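Colleague: Structure of the sequence below:
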Amino acid sequence: MVRRLSCIVTTIIVWHLCSFVTLAQNKKPEQMRWFPPSPLEMTTPDPLVRSSWKKQPLTTEELQQLETALDELNQEATTTFQRGDKTAAFDIWNRELRMRRFLGSLAQVQALSRVGAIAWQENEREQVMYITQRLQEIEKQMLKEKSTDLQLWRSLGEAYQNVRIPKLAVGAYEQILTLVRLQKDVNTELATLNTLGELHLSWFDYSQAAKTYEELLNFATNRGDRNNELAYLQQLAYIYEQGKQPRQAINVLNKLAAIYNRNKNLTQVPALKIKIAENYQSLIRENPNFLQEAFNNYQEAYVTAWKLEQYVAASEALQKLIRLYRSQNQINEALQASRILLETETLATNFYGLMQTYDQMGEMYLEKKEEGKALAAFEKGLEIARQLKHQETYFAQKIETLKP
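Modeller: Sure, this is the predicted structure:
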């Protein structure tokens, strides 16, 4: 969960930094006149390549010499960058990138990917845009030629990832998926699906992410791959939760609970049952019959947690169960659950939780017009409040209003 949260936070920052790139992709040429001309599209002759190259293509020896010279340019740019002169460094890199075209699409894409990663890290927005546009031109040509070069498609996908534009990377990996399926390369298909799933998530496209991980789950289930089956179910539970799809989430969470029960790994079950109950609760307005399912799952969560001596989880389940009872005006049931909660909070040594439970019980007794029992509950709450030196005035005022 920590890694997932970190990924989400990082992604949000990325889109704030690079939103201009996505905007630029959707602009028509006449709308982009205010952008400076791309240095990657300059056609000025370069001394690294003889001027007659159009009439007579570069020889193998000349291409090797050019590659060596471009590697030296990359090193020069890197040294200049490390000295702190970013403007000069990117000027050198842009020259390198222009000349890489002579070495073929793969060499060009790999170089664009390398420099693009640096540009993004340095928040060089225009440079990221120029590189993205060049990558899109290469992709356009690849599609026109119906390229089946897997290495080139992979490099293009990685390049789009390096400039943090997952939406474009998805297109490249979908091409890869089509090719590896034609080749019946199952392992590469699985690896590609995993990459696509991660990309969809980084784009917050939960619908497509769900489809991808459902495919991966089917693969794992059919192969008897229990470890990955569990991992994909966990990912799908997260996706359906984020995508606000409670019915699908319930289905996946129940499968997870069944696996944990089958493996006698009950420690995970209480938290799963709480989530299942929450999803059923979100569906009550749609179908009142789900109310009982919510009650049942909160109760199962509490019972399982109690048996495992997971008193914190047991308390959470009981608190949610009490709120649900109260929302349905089932005050007697809520009070009964509150008495169990008192015992649970005691075992968990959660004095703050005890104080809150007594307060809650006092309020419920007032709803029932049972002032004596309400007074006793608030007095118990005050005892704990004094120990904690917290909310003493609040409980004292409650008690004062109830005294004869």
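Colleague: what residue ranges in the stretch 1-150 of the chain score low on pLDDT?
Modeller: Residues of the stretch 1-150 of the chain meeting the criterion pLDDT under 70: 1-35.
Colleague: Now with 80, please.
Modeller: Along the stretch 1-150 of the chain, the parts satisfying pLDDT under 80 run over 1-36.
Colleague: mind listing what's buried in stretch 39-58?
Modeller: Neighbour-count burial for stretch 39-58, with 16 or more other Cβ atoms under 10 Å as criterion, is recorded at 39-40, 48-49, 58. For every residue, glycine as well, the C-beta is placed using N, CA and C.
Colleague: which stretches of this structure form strands?
Modeller: Using DSSP state E, no strands are assigned anywhere in the chain.
Colleague: Columns distance to D91 on top of the buried residues of stretch 39-58, output as CSV?
Modeller: What follows is the buried residues of stretch 39-58, written out as CSV (distance: Cβ to Cβ, whole Å):
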residue, distance to D91
P39, 8
L40, 12
L48, 15
V49, 18
L58, 24
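Colleague: and of the residues you listed, the nearest to S207?
Modeller: Set against S207, the nearest of these by Cβ to Cβ is L40 (35.0 Å).
Colleague: Provide a list of residues in contact with that closest one.
Modeller: Contact analysis of L40 by Cβ atoms under 8 Å, 6 or more residues apart in numbering lists 94, 97-98, 130-131, 133-134.
Colleague: In a markdown table: those, plus distance to Q387 and neighbour count.
Modeller: Converted to a markdown table, those look like this (distance: Cβ to Cβ, whole Å; neighbours: other Cβ atoms under 10 Å):
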| residue | distance to Q387 | neighbour count |
| --- | --- | --- |
| N94 | 69 | 20 |
| L97 | 69 | 24 |
| R98 | 74 | 22 |
| Y130 | 66 | 26 |
| I131 | 63 | 31 |
| Q133 | 67 | 17 |
| R134 | 68 | 21 |
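Colleague: Out of those, the closest to L201 would be?
Modeller: Among those, I131 lies closest to L201 (Cβ to Cβ), at 24.0 Å.
Colleague: Spatially, what comes nearest to that closest one if we skip its sequence neighbours?
Modeller: G116 (4.3 Å; Cβ to Cβ, 6 or more residues apart in numbering).
Colleague: what about that neighbour, how many neighbours?
Modeller: Residues near G116, counting by other Cβ atoms under 10 Å, number 29.
Colleague: Report the separation between K307 and P39.
Modeller: Counting by Cβ to Cβ, to the nearest Å, the separation of K307 from P39 is 68 Å.
Colleague: ignore the last one, L318
Modeller: According to Cβ to Cβ, L318 and P39 sit 65 Å apart.
Colleague: same deal with Y280?
Modeller: For Y280 relative to P39 (Cβ to Cβ), the value is 58 Å.
Colleague: same deal with A172?
Modeller: 24 Å.
Colleague: before we move on, what about L256?
Modeller: 52 Å.
Colleague: And F219, by the same measure?
Modeller: Taking Cβ to Cβ as the measure, F219 falls 45 Å from P39.
Colleague: circling back: quick one: which of the buried residues of stretch 39-58 is nearest to A337?
Modeller: L40 (66.9 Å).
Colleague: what's the spacing between the closest one and T60?
Modeller: For L40, the distance to T60 equals 25 Å [Cβ to Cβ].
Colleague: So for stretch 149-165, what gets flagged as buried?
Modeller: 150, 152-165.
Colleague: Also stretch 368-385?
Modeller: 374-382, 384-385.
Colleague: How about residues contacting that stretch?
Modeller: So stretch 368-385 is contacted by 331, 351, 354-355, 358-359, 361-363, 365-366, 391-392, 394-396, 398-399, 402-403 (Cβ under 8 Å, 6+ apart).
Colleague: mean confidence for that stretch?
Modeller: The average pLDDT for stretch 368-385 rounds to 95.
Colleague: burial of the closest residue to L321 other than its chain neighbours, as a residue count?
Modeller: Sequence neighbours aside, Y298 is the residue nearest to L321 in space, at 4.0 Å (criterion: Cβ to Cβ, 6+ apart). Residues contacting Y298 under the criterion other Cβ under 10 Å number 28.
Colleague: Give me the pLDDT value at Y298.
Modeller: Y298 is assigned a predicted lDDT (pLDDT) of 97.
Colleague: heads up, I number from 622, so please use that
Modeller: Happy to do that; since the first residue is 622 now, the last one works out to Y919.
Colleague: Surely it touches R944?
Modeller: No - shown here, Y919 and R944 do not form a contact pair, counting by Cβ atoms under 8 Å, at 9.6 Å.
Colleague: What segments of the stretch 922-1025 of the chain are helices?
Modeller: Taking DSSP state H, counting those that start in this stretch to define them, one finds helices in the stretch 922-1025 of the chain at 932-948, 952-968, 972-988, 992-1009, 1013-1023.
Colleague: Same list (those) but as a markdown table, adding distance to L687.
Modeller: Output for the helices of the stretch 922-1025 of the chain, formatted as a markdown table (distance: least, Cβ to Cβ, whole Å):
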| stretch | distance to L687 |
| --- | --- |
| helix 932-948 | 65 |
| helix 952-968 | 74 |
| helix 972-988 | 71 |
| helix 992-1009 | 76 |
| helix 1013-1023 | 79 |
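Colleague: ok now do the spatially closest residue to N695 that is not a sequence neighbour, which residues does it touch?
Modeller: Spatial nearest neighbour of N695, chain neighbours left out: E717 (5.6 Å); criterion: Cβ to Cβ, 6+ apart. Taking Cβ under 8 Å, 6+ apart, we find E717 in contact with 691, 694-695, 698, 732, 736.
Colleague: All set now, cheers.
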